[in-house]
Structure formats: C-alpha cells, structure tokens
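A.B. asks: Requesting a structural model of the entry that follows:
(chains A, B, C and D)
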Number of protein chains: 2
Amino acid sequence: MIKSENHKIPKDFTNYLMETVGLSEPEAQKLSLPLTRMSYEKGNVLLKKGDVCKHSFFVEKGLLRSYMLDESGKEHVIQFAPENWFIVDRSSVYFNDPSESYIEAIEDTDVVFIGEDFMCHAAEVSQTFGRYNDKLLHNHIRQMQKRINLLLGATAEKRYLSFIEMYPDLLLRVPQWMIASYLGITPESLSRVRKELAHKNFKPS
Amino acid sequence: MIKSENHKIPKDFTNYLMETVGLSEPEAQKLSLPLTRMSYEKGNVLLKKGDVCKHSFFVEKGLLRSYMLDESGKEHVIQFAPENWFIVDRSSVYFNDPSESYIEAIEDTDVVFIGEDFMCHAAEVSQTFGRYNDKLLHNHIRQMQKRINLLLGATAEKRYLSFIEMYPDLLLRVPQWMIASYLGITPESLSRVRKELAHKNFKPS
DNA sequence: CGTCGAATTGATGTCATTCAACTACAGTGG
DNA sequence: CCACTGTAGTTGAATGACATCAATTCGACG
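C.D. replies: Model (predicted):
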C-alpha cells in the first residue's frame, strides 16, 4: 500500500471530468488536482467489513472488486471496478454504518478518493457535476435491477452470456472463480458452462 | 379505475409527511392537498411495459406490486407496496425511458401521484423533504443489495424466512404464488418449503 | 525445478423444477 | 340452490441443473 501523492500526477480523473461529466478544463483541474490519490498493490484491501466507508474510490488505473461474506463464509462478488469506474459501499457512506463488504485490488491500482465533502463542494462549483452524480446513482439502481432480474430465473449460461455482453473487457482480467462468484454459481459450474459454449462454437472476443 | 378527487379526502399522505418525513402540519397540508389522487380496483394496471413512468405512486390504502416478464413470458415480482410505501420504475422516470415493468393493484387501492415537479417543488419548500427523499433513494439501494445477496446463494427456505422477517404483514395479503415469484422460486417449491417449516414446528403469525 | 492456486474433469448428491393429478374455494349463471 | 368454471394451493413422481467432492492438469512465480 503505497502513498503516491506526487510521484506521478495521474490526470485521468481530470480527463474523466472533462470528457464524461462534461466540465471545462479549468473547472476539471480545479476540482481534480487537490484530491487525495493512492496506489494499491494487487491483493491489498481498501475497505474491510466493519470499517465505515468514508468515500468513493475512483479507479484511474487497475481493477478493484467489492465482495461480501455470507454466514457460511463464502464470498459473493458485488461489483468490479476497472478504469474510470467508481466503487463504494453506498449504504455505509450514507448511513454512516459499518460496512458489510470488502473492497480489494485485483490488479495494482491507482485510485482517487472522493469524499462526501467533495461531492457537495463540486455540486456547488458546477451544476453539471451535481446532475452527473445523480445520474450515476440512477444508473447504479438500474444496473442492480437488471442483475436482480437475471438472478431471478436465468440459468448459469444466460447469466454468463449477459456478463460477457455487459463487461467484455473484464473477461480477460478477472479470474474465472470471481466471475462465478459474481454470477452466483460455483467455479466448476462456470467451467462447464464455458466448455458447453465452446462446444457450440461460441467465441467470445 | 375510479377517480376520487373529492369523494373522500384521505389525509394519509399528509400524516406521512408529518410523522415520517417530519414536516409541520401547515407544510404537510400545503404540499399534500393539491396532489392528484386516484383509486384503483383489484387487478387494475397502473403502469404497463412501454409506458413512460411519469411519477411515483404513494399508497394511502391497499396494496400494489410491480413485476416484469422475462423472455419466456414468466412474471418476476420486483416489489410490493402496502400502505405508506412508494412504488415507481425509477429508471423509466429518470431516463424518460419506456418502462420494462408493470405496476398492478393486488387489492383495491388509493394512491397519490408524486411527480418529479412535486419533488423539486417540495425540496424547495422544505429542506427536510429534500433530505428525506434522498434517504428513500439510499434505502432503496440498500434493500436491493440485500436482495441480491440473498439471491446469490441462499436456499429457497432461507429466502422465504428472510421474506417473513422483512415483510411479516404481507404474508396474509399477498397470494403465495406472488411471493414465490418475488423469491425466484416456483409456487410448488414454496408450498413444499412451507410444509417443511410447518413440520419443524415453525409458526409465522 | 518445485510449489501453490486456478482451472478442468468425472462421479455422485441435492435441491428445485416440471408436469400432472387432485382438492379447495370463490364467482357466475342457470 | 346447485352445477360450472377458473384460479390457488397441495402433492407425487420424474427430470434437470447445479453443487459437492476428489483427482488431475495447467500455468505463474520463486
């Protein structure tokens, strides 16, 4: 876990603010540059169960995941976050509750800390940002609903196919057993599903 | 589908604003009274796939549910909404997209229409309301996450037990096959789960 | 190399689905 | 008042999908 205040100034969050959120360059820089940045090595834990989650993480480079443990100690992946994604335990942040989940680096990862204070500040500075943040929230809800619909009824194969469709870039970067965990099936089952698909001449990529 | 502008003025949303949201009586009345109210009979459809959902429904009396159909035409219950609950297709409202889901009355139901215009207006009139609305949104997210966790791994029995715990009052009002649909299992399976539980001396009530 | 975790494969078990028959009950119309 | 009908719920037997357990292979890394 390496602090990287200045060893390199990643401008990716700045770019994100300009290109995706739609801020002007001066606005984006003014908001982005003062933020805290950290680098984590593969396997590092950014948030663990019991911690109160104080901010979102924006991924500038690398890959994170969040997951939780059920009563029997099995992991369930909640979300993956590659470049330009946010990841956070929203319930923990909003309600100031201890987190139920963990956040962990799947690859060496550079992140920006986005605290609630920043959110408020940014929403004042730029109305555009406030609206964008709201949009993120609603996208999150929509995506969760989609996942619930899949879990309510779709077979292992359909879940996997829909995963490929939604996150094709993650296929090569995420270990298979984590994908299985995300889909709610065992690694063995996923292996067999893939075999079946290959047999039916299915080519990803 | 009966319009009930004035045949009886239900004051339940007003009470909700006072008791749950925390507004003063004059504030609550000022906001609540001008709203559109409707009554629906059991079986009526309030929103159907393809419609753009323009507002939330607040249930003053009765019971609603939302559900969607998968490719094979099977229903999946998304949410139930008894008295003092909101129900809405948030994605449809926010993104102005045609709805993927249906909303239907399980019992004869009186609802209040809560449009986005109202939300904005109310947030101006009362800061308390703005904050409360935000809280609703985050509660929604938290609840969806809880459901995902259940669907990722819990057996039919565990899902049912957790349903009982969360919504004990719905047990007697919702037909069993709808609960099964909400849990992502078949009505037959739920029937057997209940039999098992009864056999183990389990009493809901 | 040797080690360790990931992935594959096979044998077997378990849980939920499917399909079908049957009961219970509410609503409808004769 | 009594069939007739349709829907909900239950039950049984057969099937199917995925899990579990164990053995093996593969590949990355020290």
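A.B. asks: A:E83 belongs to a strand?
C.D. replies: No: assessed with DSSP: H, G, I helix; E, B strand; the rest coil, A:E83 is coil; it does not lie in a strand.
A.B. asks: ok and the longest helix seen in chain A relative to helix B:127-151, angle-wise?
C.D. replies: Taking DSSP state H as the assignment, the helix of chain A that covers the most residues is helix A:127-151. Counting by axes from the mean of the first three to the mean of the last three C-alpha atoms, to 10 degrees, helix A:127-151 lies at 30 degrees to helix B:127-151.
A.B. asks: ok, helix A:127-151 near DNA strand D or not?
C.D. replies: No: judged by C-beta under 7 Å from any atom of the strand, helix A:127-151 makes no contact with DNA strand D; its nearest approach is 11.2 Å. Every C-beta, even on glycine, is put in place using the N, C-alpha and C of the backbone.
A.B. asks: what is the rounded mean pLDDT of the next helix-or-strand element following that helix?
C.D. replies: Under the assignment DSSP states H and E, the closest C-terminal helix or strand after helix A:127-151 is helix A:156-166. Averaged across helix A:156-166, pLDDT comes to 97.
A.B. asks: Please name every helix or strand in contact with helix A:156-166.
C.D. replies: Where contact means 3 or more C-beta pairs under 8 Å, 6 or more residues apart in numbering or on different chains; DSSP states H and E, helix A:156-166 is packed against helix A:127-151, helix A:176-183, helix A:187-199.
A.B. asks: Which of the helices or strands spans A:S66?
C.D. replies: Element membership for A:S66 (DSSP H and E) is strand A:64-69.
A.B. asks: so how far is that strand off the chain centroid?
C.D. replies: Relative to its chain's centre, strand A:64-69 lies at 9 Å (C-alpha atoms, centre = their mean, to the nearest Å).
A.B. asks: That strand: partners in the sheet, and parallel or antiparallel?
C.D. replies: The strands beside strand A:64-69 in its sheet (DSSP bridges) come out as strand A:75-81 (antiparallel), strand A:101-105 (antiparallel).
A.B. asks: Go ahead and name everything in contact with that strand.
C.D. replies: A:46-47, A:49, A:57, A:75-81, A:87, A:89, A:100-106, A:109, A:111, A:174, A:178, A:181, B:149 (C-beta atoms under 8 Å, 6 or more residues apart in numbering or on different chains).
A.B. asks: got the domain boundaries for chain A?
C.D. replies: A:2-139, A:153-205 (automatic domain parsing).
A.B. asks: As a markdown table, those with distance to B:A28 would be great.
C.D. replies: Below are those laid out as a markdown table (distance: least, C-beta to C-beta, whole Å):
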| stretch | distance to B:A28 |
| --- | --- |
| domain A:2-139 | 25 |
| domain A:153-205 | 42 |
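A.B. asks: Contact partners for the residue nearest the centre of chain A?
C.D. replies: By C-alpha atoms, centre = their mean, chain A has its centre lying nearest to A:A81, at 2.6 Å. Contact analysis of A:A81 by C-beta under 8 Å, 6+ apart lists A:F57, A:V59, A:L63, A:L64, A:R65, A:S66, A:I87.
A.B. asks: Likewise for A:M178?
C.D. replies: Shown in contact with A:M178 (C-beta under 8 Å, 6+ apart): A:R65, A:V77, A:F80, A:I106.
A.B. asks: pLDDT score assigned to the residue in chain A that DNA strand D sits nearest to?
C.D. replies: As assessed by C-beta to the nearest atom of the strand, DNA strand D sits closest to A:S189 within chain A, at 3.0 Å. As predicted, A:S189 sits at a pLDDT of 98.
A.B. asks: so how many other residues sit close to it?
C.D. replies: The local packing of A:S189 (other C-beta atoms under 10 Å in any protein chain shown) involves 15 other residues.
A.B. asks: just checking, it touches A:E157?
C.D. replies: No: contact criterion C-beta atoms under 8 Å: A:S189 and A:E157 do not qualify, at 9.7 Å.
A.B. asks: can you list the weak-confidence ranges in chain A?
C.D. replies: Counting by pLDDT under 70, chain A contains low-confidence ranges at A:1-11, A:202-205.
A.B. asks: Spell out which residues of it are next to DNA strand C.
C.D. replies: For chain A, the residues in contact with DNA strand C (C-beta under 7 Å from any atom of the strand) are A:P175, A:Q176, A:W177, A:P187, A:E188, A:L190, A:S191, A:R192, A:R194, A:K195.
A.B. asks: Out of these, grab the one that's most surrounded.
C.D. replies: Top of these by neighbour count (other C-beta under 10 Å): A:L190, with 22 neighbours.
A.B. asks: so what's that residue up against?
C.D. replies: Neighbouring residues of A:L190 by C-beta under 8 Å, 6+ apart: A:A156, A:Y160, A:Q176, A:W177, A:I179, A:A180, A:L183.
A.B. asks: Thanks again, I'm all set now.
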